[in-house]
Structures are given as structure tokens and as C-alpha cells.
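Enquirer: Take a look and give me a structure for this.
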Amino acid sequence: MDYLEAVPGSLFTPLLGLHSTLLASRMIEDTVMRREIADEIWSDAPPGDGAGQPEHAWSGEFLALTSDNMGGALFIDLREGDMRGCIRAWDKVDGSVQHRASLWSGPAALLESVMSALTRAEPFDRYFVPAVVDGRLEWQFQD
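Expert: Here you go, the predicted structure:
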């Protein structure tokens, strides 16, 4: 299994809204694939300013953490700077440009956000509210 997915009878479920958590081996494969695509398509894109700042092309210093199965991802920004280690969102068309500089300061903050959403029924990532449907965790979009 490449992703931790909600499957009847499975112990796994997406804990990050619409994103499937990548297993460690897939994190590397996904990161390499995104870098190869970036080298082909965005070879002339200007470099970003450092950790936590928008980027047009996938950097070799990004590590894919999740996949939305549509080309998007959450990633750890490992570039130099005060925000090194922050978690940001990636869009297959716009890169990280359309998103605010960072979503979480790091993995611990991301997990705290998931925990708050689960224990307090607060939205996760601004739009997803947890619900239990037929005994399984689901994330319901709330605009």
C-alpha cells in the first residue's frame, strides 16, 4: 500500500483532509518525480527566496509529505531560512504561489492542528471538519 487510505476494515485513514499520507518510501519517490517534472517544465523559473516563501517550481529542497491524488501535495520546506521545516501546500498548476507563505511551522504544528480538529470538531486546514460516518473518519468540506 503506497498511501495510508480509508479502506473498509483498514487501520488507516487520511488524517489530513483530502490528502493521503505518503509512506516513507513513497515520500522519496513522489519528491523525485515532482523534481523531474519541475526540471522539464519550469527549468527557467526564478528561484524562491527561502524557506516559507512562495515558489513556482518544485525545489530539490522540498519533501512531499502527502498527496491529494490530483497533483497537489503538502510538503516540508527544507530550504534555508527562519521557516526551515515548515509545511506548505503545493498545487500542480500554481506551485506554492497561491497559498499563504506556510500552513504550519512544522510537523508538530500540523499534528496539533489535526488533534484540535478531531477533539474539538474544529476545521482542519480552514475547510475540513471531521465526522464519523459508518464508523469511519471522514473529512467534510465546509465553505
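
Enquirer: quick one, phi/psi of residue 69?
Expert: Phi and psi for residue 69, reported as degrees, to the nearest 10, are phi 60, psi 20.

Enquirer: And for it, nearest residue in space, chain neighbours not counted?
Expert: Once flanking residues are discounted, residue 69 sits nearest to residue 20: 6.4 Å by Cβ to Cβ, 6 or more residues apart in numbering. All C-beta spots, glycine's among them, are computed from the backbone N, C-alpha and C.

Enquirer: What's the first helix or strand after the helix or strand containing that neighbour?
Expert: Per DSSP states H and E, residue 20 falls inside strand 20-22. The element immediately downstream of strand 20-22 (helix or strand, assigned by DSSP H and E) is helix 24-41.

Enquirer: SS state for the most centrally placed residue in the chain?
Expert: The centroid of the chain falls nearest to residue 74 when counting by Cα atoms, centre = their mean (1.3 Å). At residue 74, secondary structure determined by DSSP: H, G, I helix; E, B strand; the rest coil is strand.

Enquirer: From residue 134, how far out is it?
Expert: Separation of residue 74 from residue 134 (Cβ to Cβ, to the nearest Å): 27 Å.

Enquirer: ditto for residue 116
Expert: Counting by Cβ to Cβ, the gap from residue 116 to residue 134 is 24 Å.

Enquirer: More neighbours: which of those two?
Expert: Shown here are residue 116 and residue 134; by other Cβ atoms under 10 Å, residue 116 has more neighbours (13 against 6).

Enquirer: thought that one was touching residue 122?
Expert: Yes. When contacts are counted by Cβ atoms under 8 Å, residue 116 is listed as touching residue 122 (5.1 Å).
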